[in-house]
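Student: sequence first, predicted model second:
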Amino acid sequence: MNVLNFVHAFFGDSAHWHGYDGIPHRLGQHVLYSLLALALAAAIGLPAGLLTGHTGRGGNALALIATAARALPSFGLLVLMFVLLGLGLLPVMIPLVVLAVPPILVTTYEAVRAVDPAPVDAARGLGMGETRILLRVELPVALPLILGGLRSAAIQIVSTATIAAYVSLGGLGRYIVDGLYQRDYEKVVGGATLVAVLALLTLAVFWAVARLAVSPGVRRR
Amino acid sequence: MSGFLNDFFDIPSDLQHSWPGLIGLHLREALLPVLAGLLTALPLAQLCVRLRWLYPPVLAVTTVLYAVPSLAFFVVLIDYTGQTELTVMIPLAVYSLVVLVPAIVDGVRSVPRETLAAATAMGFGPVRRYLQVQLPIAAPAIIAGLRVATVSSISLVSVGALIGNQGALGNLLTDALIYDRPVLAVNSVVTTAALALSCDVLLVLLRTLLTPWMPRGTRGAPRTGRPDAAAPALEDTAR
């Protein structure tokens, strides 16, 4: 049996295209949960990273946080939160956000730190306030790296949200987890394909955002 | 307290391993793929350094491969390798490879031209120059990549629990739900995190040993204008 046959069978079955367990609904769920987690993580990580990067303080603490967070097993955290807090969206959102904040935070810090000091000095000489320097000079220059951090976080969220189907989250992971239990390999492979496609779409979205948002002068470097 | 400890280390018999046994299994499932990834990444990276046009497409492929979620990767492999350890180890090796290639390429490329010229002038052939000049200078960047690969590999082995108890310490998580024993989940998370941190510390020590010329405690060192060669590798840290 070829995996492609399973994929073909899964997507060819019209039963998979509507209803609660249909592809549009599951895909919507997955995207919604991922966006929510990414928004929460960005709301925490971006301001903190920009601020610490601008002042240059707290680098050691951030490195420590990053190492500690990387050591935390995502699947383990999911199950642990599920056992401790029970069924619901909150026990899934906590690990998703906790795992997504460090890449955003640390990359943002590093990105702002790596900005060429000359233009920052020039801006200060022109009489710009610290907030304006951060938002008008440092942020645009640091943007490609910051987007890279957001991208890793988004990829990780999409990936972990798949595993979260094991602890009852909806979304595309449902096909994989349910399919494994029902010994329905067609469903498993179909779900895996959808998840992989969604991850690649996430890459594409970030690539497009980078094309649009990064100033041409910065991009050329 | 002793009751808690007894509970903590009371591993359900269906896992057919003691706690140290699970740790050994976990390390094997996590570290062998990293080793395989490293052994593949070294020649591939050297090829990318030699043939400049090859690097952008390789980088694109690795970025795409790295984005594929582990569970999706595992289940597609089931058709070929069954619900075995190998099914877990192949994706982990691919992820390691994907992290290591850019790290090694950036590291090897960061070797100054003058240093290479000096080595050539001293009569070093290409092989000796690679082994004795380029690799040692690239060591910090390579080890930075190895740290990311190792730690994420240790974390991802647990997901193998979903494809038929191939997750070593991760199997404790599924058992925590089956037997309604939260303490097993705590055990799994704490032990896995401790393993990851210890391996991380060991790699940092290894770097200190391999690069005696570098200042100790690089974190406090003043930043140079050029960004650290290890930085790009650290960008795609967790997943």
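Tutor: Thanks, I have the structure now.

Student: for chain A, which helix extends over the most residues?
Tutor: In chain A, taking DSSP state H as the definition, the longest helix is helix A:23-55.

Student: may I see the buried residues of it?
Tutor: Within helix A:23-55, the residues that qualify as buried are A:23, A:26-27, A:29-31, A:33-34, A:36-38, A:40-42, A:44-46, A:48-50, A:52-54, counting by 16 or more other C-beta atoms under 10 Å in any protein chain shown. To be clear about C-beta, it is placed using only N, CA and C from the backbone, and glycine gets the same treatment.

Student: next, count neighbours for residue 186.
Tutor: Reading this off chain A. The local packing of A:E186 (other C-beta atoms under 10 Å in any protein chain shown) involves 20 other residues.

Student: looking at chain B here, not the other one
Tutor: Neighbours of B:V186 (other C-beta under 10 Å): 19.

Student: any idea how far A:G148 is from the nearest residue to A:H54 once chain neighbours are set aside?
Tutor: Once flanking residues are discounted, A:H54 sits nearest to A:L134: 4.9 Å by C-beta to C-beta, 6 or more residues apart in numbering or on different chains. For A:L134, the distance to A:G148 equals 19 Å [C-beta to C-beta, to the nearest Å].

Student: ditto for B:I23
Tutor: Distance, B:I23 to A:G148, by C-beta to C-beta: 34 Å.

Student: helices and strands around the next helix or strand after the longest helix of chain A, which ones?
Tutor: Following helix A:23-55 in sequence order, the next helix or strand is helix A:59-71 (DSSP states H and E). On a contact count with 3 or more C-beta pairs under 8 Å, 6 or more residues apart in numbering or on different chains; DSSP states H and E, helix A:59-71 meets helix A:90-113, helix B:135-157, helix B:182-210.

Student: now the element after helix A:59-71, going C-ward?
Tutor: Next in sequence after helix A:59-71, counting helices and strands by DSSP H and E, comes helix A:74-85.

Student: hmm, the helix or strand containing A:L4 touching chain B?
Tutor: Secondary structure from DSSP H and E places A:L4 in helix A:3-12. Yes - against chain B, helix A:3-12 shows contacts by C-beta under 8 Å from any C-beta of the partner chain at A:3, A:6.

Student: what are the buried residues along that helix?
Tutor: A:3, A:6-7, A:10.

Student: quick one: mean pLDDT for stretch A:26-46?
Tutor: For stretch A:26-46, mean pLDDT is 94.

Student: stretch B:9-27 too?
Tutor: In the prediction, stretch B:9-27 has an average pLDDT of 88.

Student: ok, now stretch A:173-181?
Tutor: Mean predicted confidence for stretch A:173-181 is 90.

Student: gap between the worst-scoring helix or strand of chain A on mean pLDDT and the chain center?
Tutor: The helix or strand with the lowest mean pLDDT-type score in chain A, counting by mean pLDDT, DSSP states H and E, is helix A:216-219 (a mean of 80). Remark: helix A:216-219 is offset 24 Å from the chain centroid, using C-alpha atoms, centre = their mean, to the nearest Å.

Student: contacts for it, please.
Tutor: The contact list for helix A:216-219 (C-beta atoms under 8 Å, 6 or more residues apart in numbering or on different chains) reads A:140-141, A:143-144, A:210.

Student: of all those residues, which two lie farthest apart?
Tutor: Farthest pair in these (C-beta to C-beta) is A:V141 and A:A210. Separation: 13.6 Å.

Student: if I pick the residue nearest to A:H54, what's in contact with it?
Tutor: By C-beta under 8 Å, 6+ apart, the neighbours of A:L134 are A:50, A:54, A:112.

Student: elements contacting the helix or strand where A:A142 lies?
Tutor: For A:A142, the host element (DSSP H and E) is helix A:139-163. Counting contacts by 3+ C-beta pairs under 8 Å, 6+ apart, helix A:139-163 is packed against helix A:23-55, helix A:74-85, helix A:90-113, helix A:173-181, helix A:185-213, helix A:216-219, helix B:70-81, helix B:231-235.

Student: what's the residue closest to the geometric middle of the chain?
Tutor: If you meant another chain, say so; for now it's chain A. Residue closest to the average C-alpha location in chain A (C-alpha atoms, centre = their mean): A:A154, at 1.5 Å.

Student: switch to chain B, please.
Tutor: Central residue of chain B (C-alpha atoms, centre = their mean): B:A149, at 1.9 Å.

Student: please name the nearest non-neighbouring residue to that one.
Tutor: The shortest distance from B:A149 to any non-neighbouring residue, by C-beta to C-beta, 6+ apart, is to B:S96 (4.0 Å).

Student: the one you found sits in which helix or strand?
Tutor: helix B:85-109.

Student: may I see the buried residues of that helix?
Tutor: For helix B:85-109, a neighbour-count test (16+ other C-beta under 10 Å) marks B:85, B:87-109 as buried.

Student: my guess is B:D200 meets B:T150, correct?
Tutor: Yes - between B:D200 and B:T150 there is a contact under C-beta atoms under 8 Å: 7.1 Å.

Student: comparing those two, which residue is more hemmed in?
Tutor: Per other C-beta under 10 Å, whichever of B:D200 and B:T150 has more neighbours is B:T150, with 26 against 20.
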